[in-house]
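A.B. asks: when you get a sec, could you give me coordinates for this:
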Amino acid sequence: MQQALGVFSQVLRLYHTLKYLKAIQIYYRLYYVVRSRFHRIRGFTYTQTIPATAYSLTLLPSINPEVSLQGDRATFLNRTHHFKGTVDWSCAIHGKLWTYNITYFDFLHQQNMTSEIGLDLIRNFIENSAYIKDGMEPFPISLRGINWIKFLSYHHIEDQQISDSLYAQYRILLDNIEYHLLGNHLLENGFSLLFGAYYFRDEQLFQKAQEILTAELHEQILDDGAHFELSPMYHQIMLFRLLDCINLLQNNLQERHHSLLELLQQKASMMLGWLQAITYKDGSIPLFNDSANHIAPTSRELFGYTKRLNLHVKETILKESGYRKFENDMYECIVDVGSIGPDYIPGHAHADTFSFELHVNGKPFIVDTGLSTYETNKRRTRERATISHNTVELNGLNQSDVWGGFRVAHRAYVTTLQEDDTYIKAVHNGYEKTLGALHEREFVFETNMLKIIDTIISDRAQQAIARIHFHPSVNEAMIRKHILIEDEVYHINEYQYAPEFNVHVNAKVLEVAFTQKLEMSIIL
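C.D. replies: Reported below is the predicted structural model:
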């Protein structure tokens with residue numbers, strides 16, 4: 001009986017996950033699965049070369065990534081591997097995301113990369129492409145296509161073997177657009193197809209790029225300029241790719257594509273405004289949802305690139321993204337009072353409604369716990385859970401049912417929101433179906449103090465725990481000095497702060513148990 005209930009519970013969870021998907025996602029997921037099986041039965045494989053004519057492009061300097069490949073030593077996601085002789089493009093010792101990274105070819109643009117070394121690496125990949133699986137999926141093809149085209153254009157390289165291989169990869173991409181995933185994956189497909197269209201002067205590639213970019217930029221960029229998956233890191237990545245495409249069109253524009261350039265410039269201006277609003281004075285971003293340092297270009301680098309492209313930054317007021325920022329000469333506080341992300345693609349969302357970060361005198365004080373892995377494991381589960389965020393957990397449950405690495409079943413929605421320049425009061429219903437309870441949180445912002453008032457609205461007593469996660473530089477004495485909690489028992493424990501992939505640093509977390517109401521003051 002218990003086993004049957006467990007199976008039913010899993011089926012129900014899956015239903016509450018899948019019911020939000022768009023029809024196009026379901027259709028293409030089924031279509032690609034069925035087609036793949038037919039391909040295997042027929043022994044079908046994509047051709048690795050298609051004769052093509054390439055045209056070198058004019059591009060302004062972009063943004064150089066950190067050094068990731070030196071000789072036989074490759075470092076991605078803070079994991080290093082030494083190859084024996086030649087690069088293994090299918091190396092999976094550190095997980096699929098690591099394998100993806102080496103096939104992106106971002107390293108072509110690192111400071112110490114020469115045209116000779118870069119060419120050798122590209123040719124080696126081509127020679128082994130028939131045996132490469134992960135790196136020939138549409139997402140890495142998209143990123144690699146942009147990187148190869150930029151590299152070849154910057155160095156004025158014309159190579160027929162590379163052109164024929166790259167064009168064949170673009171035909172694979174065109175036949176495997178990621179409509180089953182949507183979101184940033186589909187947008188990356190569109191950005192890359194635009195580069196391919198200009199490099200090969202291919203009208204079919206351009207038409208598909210224009211179709212994707214026009215639809216998805218309107219869909220994915222919210223009215224306040226945020227990327228709709230609500231990860232500041234992914235916002236930076238998407239903005240970087242958008243700036244590269246503006247660079248492409250501004251310097252190689254065909255007159256009939258002027259309207260597309262105007263759209264890209266408009267959306268970039270909005271995204272820049274949001275990034276300007278969300279970035280701290282020290283240049284860092286809040287690590288909300290799936291965000292980590294040293295993955296995307298920094299805000300400072302992006303604004304520098306913006307100046308080279310002579311783009312306008314549109315001033316914005318944070319609204320549709322659900323983030324709010326309060327700042328004065330003493331502190332900066334960013335709070336999350338919005339949804340967890342788009343219902344049909346919440347894979348990068350965390351169960352963190354009403355969480356917040358706080359910088360004091362330009363330095364991080366209260367932080368999001370961060371992101372260290374995309375592997376489906378206990379660590380990933382914990383980093384997405386309510387227990388790992390600066391909000392309230394009831395009865396050991398998550399506000400939103402995050403599970404399976406990138407899935408969400410029931411999700412919390414903000415049902416009430418009142419705000420002015422120094423005050424926010426909001427209610428979310430994440431616990432309503434499971435516990436019959438609502439969580440109300442008030443933020444009161446004063447010159448040298450932040451007050452937080454949590455109220456559990458329920459007909460019965462709930463076991464609530466409010467948590468505050470501190471930066472590793474903050475010790476217990478500092479916590480006791482700056483945090484004031486009246487008539488409540490609290491504990492200071494340790495947690496692992498994850499500012500980067502595969503990086504864990506011991507830090508302090510304050511845990512306060514209560515049943516109905518909790519008032520906490522942060523004295524600055």
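A.B. asks: which stretches in the stretch 201-350 of the chain count as helices?
C.D. replies: Counting by DSSP state H, counting those that start in this stretch, the stretch 201-350 of the chain has these helices, from start to end: 203-220, 232-252, 258-278, 299-308.
A.B. asks: again with the chain
C.D. replies: In order along the chain, the chain carries the following helices (DSSP state H): 2-18, 23-42, 96-104, 115-128, 138-154, 160-174, 183-200, 203-220, 232-252, 258-278, 299-308, 378-384, 432-435, 476-482.
A.B. asks: for those, which one sits closest to Asp343?
C.D. replies: Closest to Asp343 of these is helix 2-18 (C-beta to C-beta; 10.5 Å). Bear in mind the C-beta positions are built from the backbone N, C-alpha and C, glycine included.
A.B. asks: report the distance from that closest one to the chain centre.
C.D. replies: Distance of helix 2-18 from the chain centroid (C-alpha atoms, centre = their mean, to the nearest Å) equals 29 Å.
A.B. asks: buried stuff in it?
C.D. replies: Under the neighbour-count criterion of 16 or more other C-beta atoms under 10 Å, helix 2-18 has 13, 16-17 buried.
A.B. asks: output that helix as CSV, restricted to C-alpha atoms.
C.D. replies: The C-alpha trace of helix 2-18 is given here as CSV (Å, rounded to 0.1, in the frame of the first residue of the first chain):
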residue,chain,number,x,y,z
GLN,A,2,2.8,2.4,1.0
GLN,A,3,4.6,1.6,-2.3
ALA,A,4,1.5,2.3,-4.3
LEU,A,5,1.0,5.6,-2.6
GLY,A,6,4.6,6.5,-3.4
VAL,A,7,4.1,5.7,-7.0
PHE,A,8,0.9,7.7,-7.1
SER,A,9,2.7,10.7,-5.4
GLN,A,10,5.4,10.6,-8.1
VAL,A,11,2.9,10.4,-10.9
LEU,A,12,1.0,13.4,-9.4
ARG,A,13,4.2,15.4,-9.1
LEU,A,14,5.1,14.6,-12.7
TYR,A,15,1.6,15.7,-13.7
HIS,A,16,1.9,19.0,-11.9
THR,A,17,5.3,19.5,-13.6
LEU,A,18,4.2,18.7,-17.1
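A.B. asks: so it versus helix 23-42, what angle?
C.D. replies: Computed with axes from the mean of the first three to the mean of the last three C-alpha atoms, to 10 degrees, the direction of helix 2-18 lies at 110 degrees from that of helix 23-42.
A.B. asks: contacts for helix 2-18 next, please.
C.D. replies: Contacting residues not belonging to helix 2-18 are listed as 26, 401, 403, 407-410 [C-beta atoms under 8 Å, 6 or more residues apart in numbering].
A.B. asks: residue closest to the middle of this protein?
C.D. replies: The centroid of the chain falls nearest to Tyr234 when counting by C-alpha atoms, centre = their mean (3.2 Å).
A.B. asks: ok, that residue to Phe191 distance?
C.D. replies: 13 Å (C-beta to C-beta, to the nearest Å).
A.B. asks: cool, and Asp421?
C.D. replies: Using C-beta to C-beta, which is the criterion applied here, Asp421 is 38 Å from Phe191.
A.B. asks: compare these two (neighbour count), which wins?
C.D. replies: A side-by-side neighbour count of Asp421 and Phe191, using other C-beta atoms under 10 Å, places Phe191 first with 26 against 6.
A.B. asks: need the pLDDT of the more buried one.
C.D. replies: At Phe191, the predicted lDDT confidence score is 98.
A.B. asks: which one of the helices of the chain lies nearest to Val392?
C.D. replies: The stretch from the helices of the chain with the least distance to Val392 (C-beta to C-beta) is helix 432-435; that distance is 12.0 Å.
A.B. asks: now what about that closest one, what contacts it?
C.D. replies: The list of residues contacting helix 432-435 from outside it, by C-beta under 8 Å, 6+ apart, reads 394-395, 397, 410, 438, 458, 462.
A.B. asks: do the same with stretch 112-131
C.D. replies: Taking contacts as C-beta under 8 Å, 6+ apart, the residues outside stretch 112-131 that touch it are 48, 67, 69-70, 86-87, 89-90, 103, 105, 107-108, 132, 135-136, 148, 151, 155, 157, 159, 161-162, 165.
A.B. asks: and if we set it to 6 Å?
C.D. replies: Here stretch 112-131 makes contact (C-beta atoms under 6 Å, 6 or more residues apart in numbering) with 48, 89, 108, 151, 155, 162, 165.
A.B. asks: now the nearest residue to the fifth one once chain neighbours are set aside: how far from Leu121?
C.D. replies: I take that to be His155. Across the structure, with C-beta to C-beta, 6 or more residues apart in numbering as the measure, the residue nearest His155 apart from its sequence neighbours is Ser115 (4.3 Å). Distance check for Ser115 against Leu121: by C-beta to C-beta, it reads 11 Å.
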